[in-house]
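Undergrad: Here is the input, now give the coordinates:
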Amino acid sequence: MTVATIFDAPRSLVAAVAGDPDQAMRWSANIRSVRWEGAPVVQEGARLDFVTRFLGRCLAYTYEIVDLVPDERLVMRTDDGPFPVETTYTWWDEKEVDGSPRTGMSLRNAGRPKAMTTLASGAVTLGMKRAMRRDLERLRLVLREEQDTDRP
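TA: Now for the predicted structure:
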């Protein structure tokens, strides 16, 4: 499933905040902790341990960054934890408004528990999509904070 939005912020800022796992707890309501396995550098092959809370359950898993095009795309994948999942962040330039840069962003999560029934799958999908939309709205607030901090 994929959700997308447009931010009134430059792509470099959106990608820097959204694509930095250390910033994830600021804008993703379900993420409780992030711990790097090794140097905390966003690069292909980097591994991170995430603890999240979703649908009343605490979930722990390890993501590996499998694809990175700075300021354009970040793909992380996990095969452990409750189910395999791949998360993709994509950023692109949108048309400026009144000379101010705007950035489009999509957030895609692919994967689901192997034993999940179709009925349960629909409920989880709706819950995930709602949570992803809320996260992008929280990201909007974080980006505004970042831009306000940068202004004199």
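Undergrad: ranges for the strands of this structure?
TA: Listed in chain order, the strands of the chain (DSSP state E) span 2-7, 31-37, 47-54, 57-69, 73-78, 85-97, 100-110.
Undergrad: Tell me which of these sits most buried.
TA: Neighbour counts (mean count of other CB atoms under 10 Å) averaged over each of the strands of the chain peak at strand 73-78, with a mean of 20. C-betas here are computed from N, CA, C, even on glycine.
Undergrad: name the helices or strands packed onto that strand?
TA: Contact here means 3 or more CB pairs under 8 Å, 6 or more residues apart in numbering; DSSP states H and E; on that basis strand 73-78 packs against strand 57-69, strand 85-97.
Undergrad: Next, format these as CSV and append distance to residue 104 and mean pLDDT.
TA: Converted to CSV, these look like this (distance: least, CB to CB, whole Å; pLDDT from 0 to 100):
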stretch, distance to residue 104, mean pLDDT
strand 57-69, 15, 91
strand 85-97, 5, 95
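Undergrad: ok, now how distant is residue 85 from residue 78?
TA: As defined by CB to CB, to the nearest Å, residue 85 lies at a distance of 6 Å from residue 78.
Undergrad: between those two, what contacts are shared?
TA: Residues touching both residue 85 and residue 78 by CB atoms under 8 Å, 6 or more residues apart in numbering: residue 61.
Undergrad: Show me what the helix or strand of the chain with the lowest mean pLDDT is packed against.
TA: Least confident element among the helices and strands of the chain, by mean pLDDT, DSSP states H and E: helix 118-150 (a mean of 80). If you count contacts as 3+ CB pairs under 8 Å, 6+ apart, helix 118-150 packs onto strand 2-7, helix 11-18, helix 24-27, strand 47-54, strand 100-110.
Undergrad: wait, which of the ones you listed is closest to residue 147?
TA: helix 11-18 (7.2 Å; CB to CB).
Undergrad: Tell me which residues are up against that closest one.
TA: Contact partners of helix 11-18, identified using CB under 8 Å, 6+ apart, comprise 7, 23, 26-27, 70-72, 74, 89, 91-93, 101, 103, 105, 107, 139, 142-143, 146-147.
Undergrad: can we see that at 6 Å?
TA: Outside helix 11-18, the residues that touch it by CB atoms under 6 Å, 6 or more residues apart in numbering are 7, 23, 71, 89, 91, 93, 103, 105, 139, 142.
Undergrad: do stretch 34-44 as well
TA: Contacting residues not belonging to stretch 34-44 are listed as 21, 24, 47-50, 65, 68 [CB under 6 Å, 6+ apart].
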